Structure formats: structure tokens, C-alpha cells
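Student: build the 3D model from these lines:
(2 chains)
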Amino acid sequence: MFMSIASKFKEAIIGLKAGCVTLDYPAQPRPVAKNFRGRPIFDAQKCIGCAGCANNCPAREILVFDLCQEIRILKYLGRRCTYCGRCAEVCPEKAITMSLDFETATDKIGDLEQRLDLFMSTCQRCGRCFKEPSPLEQLKLKGYRFDDLVNECWIFRSRSYLESQPVVDDIKIELD
Amino acid sequence: MLKKLCQKMFGRSLWVYHANSGGCNGCDIEVLNVLTPYYDVERFGIKLVGSPRHADVMLCQGPAMRSTARALRCAYEAMPAPKLVFAIGGCACGGGIWHDSYPVLGPVEKVIPVNFYIPGCPPRPEAIIYGVAVALGLVDKKVAPVEFKQLELPIPRYHPADLSGRDEMVVYEKAEKV
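Tutor: Below is the predicted model of the structure:
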């Protein structure tokens, strides 16, 4: 009899010693742990449009498509992103940073989207795209200069831009 | 409007029903973590119930699978009328990493209407509490779509037929119109 009462007192003392353990979370901020990976943030100034992140994304959440010869679109949808950080690891220019942002609850799924329009210019030798470093360099491009018009007979944008059709067909499926 | 309706209808407490339609059990563990005394979610009046007929909110984890889509739909229809659906985790929000495989139909919004999305794989317990607090109107949501647009450069489209040589200079005749 005495032993059971004593054990109850003992438990009460242990319970009082612990104090209040509940976090007051939404009222007070809660810091994240070290090496936490949250939502990736894309920096349009550093991105060169190499599409390495889109190739490495295991969830296929980063889409890259060319609107026309000059403009490439990089789209991060963020719905099924697992925050694995492979895009940030593979990025050669460190344009993707894994932020500490985890409070991403929303009532519209489109709020998680990030869309970058990247200006790509055409290499005169190989015809592939590369990123011009500054807006001044972009203005000096062939095609924006008047005196180059003698050599190049027709400076055009692709038909897809004029008719606002996507170049790649399967984008429609991805975008629903 | 949804927020007002939420505050009016669920003024006292939310009873949640925990539906896993084929997830990997990671989000389940986080949701059960939310119900522990450390992240005590019963201070908001949230209580876990075992039947969808007693529930106000359905917490969906896992994608809509070919085998469980009908059961998920039945559970949703069994809930009484003012009801909310939370999609917790990357699978429920977007279909998961295996979104393109045979048994996965896609996100749960293909089967039932979803009101709130909590992405993450799995989301932290704090993120789930934050989603519940957004639904209850205690805090505002923080995310917004980011869009970086290029400046529209004034690029005229030239055609060689409109060009004419004059005194060793090339003149574009329609230049004034552009």
C-alpha cells in the first residue's frame, strides 16, 4: 500500500521535472537543423540554361524547353520535388541553392512554381545556344546589329514563337 | 471565402481521418509525430479518428494508385458534408517520383478534390502544423509563384527585299514603321 503511493509520488516528481515540452510552433519560429535542405531557389542571373538540373531531377520536376531561338524557358513545378539537392549539386554555375524554407503549405498548387525566361544567343560556328553575360553583350549580338544584315539574308524567329506553339510536343502532357 | 467558411464551420475542432493510399509510410510517421506531446496538435482541437464518418478532414498520403483509387473515393464520399482534404507529401501533391509507372494514377486530386497542399518528402512535422494553421487562418501562406521574365527587346524583323543599298550603306526602308 505504502509502496504504491510512493511510486505514484515518484512518477509525479518525474513528470514535474520534465516541465513543458510542447513547442509553441506557429506562434514562434522553429529553426531548422544543420544541413537542412528546403525548397530550391533558382537564380536567373547565374543560370546559363544548360539543362543539367532537368536531366538529373529524379522526379522530372524541372522542364526546359525552347520558345524560340533566343529564349529558353526553365520551369520548376515543385509539386513532387523531394528536395534531394541533385540539381544544386550538378549546377555548374551554382545558380540553384537549397533554401531553408519548409513552410510551403498552400491552397493552390501553382504557388510552388518557378519559371525563368533565359536569353540565349546563337553561336556563329556551331549554332547552339549560350548565355550572354550582360545585357550590353546581348545588344551587340549578330542580328541586333544593322551592319550584319548584308551577310545574313534573313534574321528570323522560329515559327513556333510566331504561332505561339510549343516546340516540344510532350510539354502539353506535363503541364496538363 | 474558404477561410471564412473554415472558421465558421470548424470553429471548435477538426477531427482528422488518416488515409494512406499507397505511400511509403514516411508521411504517416510524420503525421503521427505531429500528434505526439512534443508537437501537440490537440491544442488546436485536432483529434485522430478511426472512421471517415466521424471526420471533418481527410489527410491523404501517397499517390492515387490503381488499386486504392476506388477505396479513397468511397472514404471521401463517406465523410459528412463540410469536409476538407489535405494532400500531405510529394506523392499526394504531384504523384511522387514514380508518377509515370503503371500502378500510379497520379496525384490524389485526380480522384478527390484537394483543398490544401503540403509538399515535401516527407514534410517536416512543423510544415504539417503550418499547413493546418494556414487552413485554420492562424497564419498566412508564404509561397507565391516566381517568374523571371526577359525584357522585351525592340527587335524588328527584317527581310532582304526591304533592304536597299544607297551610297555604300544599307538602308532599311520600313525602319520608321517598326
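
Student: residue B:119 against residue B:86, yeah?
Tutor: No. Using C-beta atoms under 8 Å, residue B:119 is not in contact with residue B:86; the gap is 11.6 Å. Every residue, glycine included, has its C-beta placed from N, CA and C.

Student: of those two, which one has the most company?
Tutor: residue B:119 (30 against 24; other C-beta atoms under 10 Å in any protein chain shown).

Student: need the longest strand for chain A.
Tutor: The longest strand of chain A (DSSP state E) is strand A:114-122.

Student: packing partners of that one?
Tutor: Contacting strand A:114-122 under the criterion 3 or more C-beta pairs under 8 Å, 6 or more residues apart in numbering or on different chains; DSSP states H and E are the following elements: strand A:40-42, strand A:71-76, strand A:129-131, strand B:146-148.

Student: output those in a markdown table, with distance to residue A:29 and mean neighbour count appended to each entry.
Tutor: Listed next are the helices and strands packed on strand A:114-122 as a markdown table, based on distance: least, C-beta to C-beta, whole Å; neighbours: other C-beta atoms under 10 Å in any protein chain shown:
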| stretch | distance to residue A:29 | mean neighbour count |
| --- | --- | --- |
| strand A:40-42 | 19 | 21 |
| strand A:71-76 | 26 | 21 |
| strand A:129-131 | 37 | 16 |
| strand B:146-148 | 22 | 14 |
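
Student: could you tell me the least trusted of the ones you listed?
Tutor: Sorting these by mean pLDDT places strand A:129-131 lowest, at a mean of 61.

Student: all helices of the chain, in order?
Tutor: Chain wasn't specified; assuming chain A. For chain A, applying DSSP state H gives helices covering A:2-18, A:52-56, A:86-90, A:135-139, A:159-162, A:171-175.

Student: hmm, no, I was thinking of chain B.
Tutor: Taking DSSP H, the helices of chain B run over residues B:2-9, B:26-34, B:69-78, B:90-94, B:125-136.

Student: now chain A, which segments are flagged as low pLDDT?
Tutor: For chain A, the stretches flagged by pLDDT under 70 are A:68-69, A:121-176.

Student: what about stretch B:20-28, near chain A?
Tutor: No. Stretch B:20-28 is not in contact with chain A by C-beta under 8 Å from any C-beta of the partner chain; minimum separation 10.3 Å.

Student: so which residue is dead centre in chain B?
Tutor: residue B:117 (3.3 Å; C-alpha atoms, centre = their mean).

Student: check contacts around that one.
Tutor: Taking C-beta atoms under 8 Å, 6 or more residues apart in numbering or on different chains, we find residue B:117 in contact with A:79, A:105-109, A:112, B:86-87, B:92-93, B:131.

Student: let's see that with 7 Å instead.
Tutor: The contact partners of residue B:117, taken as C-beta atoms under 7 Å, 6 or more residues apart in numbering or on different chains, are A:105-106, A:109, B:87, B:93.

Student: in a markdown table, list those along with distance to residue A:70 and neighbour count.
Tutor: Converted to a markdown table, these look like this (distance: C-beta to C-beta, whole Å; neighbours: other C-beta atoms under 10 Å in any protein chain shown):
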| residue | distance to residue A:70 | neighbour count |
| --- | --- | --- |
| A:105 | 38 | 27 |
| A:106 | 33 | 21 |
| A:109 | 30 | 18 |
| B:87 | 38 | 29 |
| B:93 | 34 | 30 |
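
Student: ok, so of those residues, who is nearest residue B:35?
Tutor: Closest approach to residue B:35 among these (C-beta to C-beta): residue A:105, at 17.5 Å.

Student: the closest one: what's its closest spatial neighbour, skipping adjacent residues?
Tutor: Leaving aside its sequence neighbours, residue A:105 sits nearest to residue B:131 (C-beta to C-beta, 6 or more residues apart in numbering or on different chains; 3.2 Å).

Student: hmm, the one you found is touching residue B:118, no?
Tutor: Yes. Applying C-beta atoms under 7 Å, one finds residue B:131 in contact with residue B:118, separated by 4.1 Å.

Student: what touches both of those two?
Tutor: Contact with both residue B:131 and residue B:118 is made by residues A:105, B:86, according to C-beta under 7 Å, 6+ apart.
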